[in-house]
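Novice: with the sequence up front, the predicted model follows.
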Amino acid sequence: MHRFFLAGLLTSEMIITGEDAHHINHVLRMKPADKILVVATDGQVGVAEIAGFNEHEVTVVLCETVADHSEPPVRVSLAQGLPKSDKMDYIVQKAVELGVSKLFPIAAERSVVKYDKNKQSARQERWQKIAIEAAKQCRRTRVPAVEPIQTLAELLSVLEPTTAVLMLYEGPAQTGIKDFLRDCQAEEYLVLIGPEGGFSAAEVQLCQQHHVQTITMGPRILRTETASLAALSLILYEKGDLGGC
């Protein structure tokens, strides 16, 4: 059954607009009485029946709510240094499939790509659309937000003190990821991953000033897209998701 994210809560009658309405009407060519899954902003899921169409809207009627527990037991966000070419598209898609809670694109000192303000907004919008489609495909009940491109300093300045922050670092690190996860029982994690050239010495020092732990995942140097997805997988598995317990 096709899944669509709503802009509000489940109600007896709901209106689907925008690209989803176009997709239901003109791509899937669904008909009145066809059923879809709708996911509310609070994560509730319902089966809804199509009641009618017009050019830009689809009206659906709620049939029943259904249990759907596809979200991880902990919140894990990813701060990704902007990589070259279209690697960020791939990282966003796969991170959403794995269960990431939020994505922070970081304009790191060694990021080769540089976007002006207009391109930053366009990229954020593109990555958010990729996140929505990935969330539909893997049957999430939450769409991870893709935040605006920012610097590492800007991100660190607004972090909640209860968030466990770890920086994947190819240089001398404070601990391995296995030991870090064994000793840390936080409910929210943030992983910092550098671009192709890694984080600069100044960025590492800045993180240390914010009490961010530097973490190693072993002796091999991983590509940035490999490091991101491996770190998310390890954290989520260790904390009870992805078949871990």
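Specialist: Arrived safely, thanks for sending.
Novice: starting at the chain centroid, how far to the longest helix anywhere in the chain?
Specialist: Ranked by residue count and defined by DSSP state H, the top helix of the chain is helix 117-137. Centroid displacement of helix 117-137 relative to its chain, using CA atoms, centre = their mean, to the nearest Å, is 10 Å.
Novice: what does that helix contact?
Specialist: With CB atoms under 8 Å, 6 or more residues apart in numbering as the test, helix 117-137 has contacts from 3-5, 88-89, 92-94, 96-97, 103, 105, 115, 140, 142-149. Heads up, the C-betas are built off the backbone N, CA and C, glycines and all.
Novice: pLDDT averaged over it - what is it?
Specialist: For helix 117-137, the mean per-residue pLDDT is 96.
Novice: downstream neighbour of that helix in the secondary structure list?
Specialist: strand 145-146 (DSSP states H and E).
Novice: packing partners for that following strand?
Specialist: strand 102-106, helix 117-137 (3 or more CB pairs under 8 Å, 6 or more residues apart in numbering; DSSP states H and E).
Novice: name the residues of the longest helix of the chain that are buried.
Specialist: Residues of helix 117-137 classed as buried by neighbour count (16 or more other CB atoms under 10 Å): 120, 123-124, 127-128, 130-132, 134-136.
Novice: cool, and stretch 76-96?
Specialist: In stretch 76-96, counting by 16+ other CB under 10 Å, buried: 76-83, 87-88, 91-96.
Novice: re the thing from before, tilt between the longest helix of the chain and strand 102-106?
Specialist: Angle of helix 117-137 versus strand 102-106, following axes from the mean of the first three to the mean of the last three CA atoms, to 10 degrees, is 150 degrees.
Novice: would you put the C-alpha positions of helix 117-137 in CSV?
Specialist: Below are the C-alpha coordinates for helix 117-137, written out as CSV (Å, rounded to 0.1, in the frame of the first residue of the first chain):
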residue,chain,number,x,y,z
LYS,A,117,22.9,31.4,-0.5
ASN,A,118,20.6,30.6,-3.4
LYS,A,119,22.3,27.3,-4.1
GLN,A,120,22.3,26.4,-0.3
SER,A,121,18.6,26.7,-0.2
ALA,A,122,18.1,24.8,-3.4
ARG,A,123,20.4,22.0,-2.1
GLN,A,124,18.6,21.8,1.2
GLU,A,125,15.3,21.5,-0.6
ARG,A,126,16.6,18.8,-2.9
TRP,A,127,18.0,16.8,0.1
GLN,A,128,14.7,17.1,2.0
LYS,A,129,12.9,15.7,-1.0
ILE,A,130,15.3,12.8,-1.1
ALA,A,131,14.7,12.2,2.6
ILE,A,132,10.9,12.2,2.1
GLU,A,133,11.1,9.7,-0.7
ALA,A,134,13.5,7.5,1.3
ALA,A,135,11.3,7.6,4.3
LYS,A,136,8.3,6.5,2.2
GLN,A,137,10.3,3.7,0.6
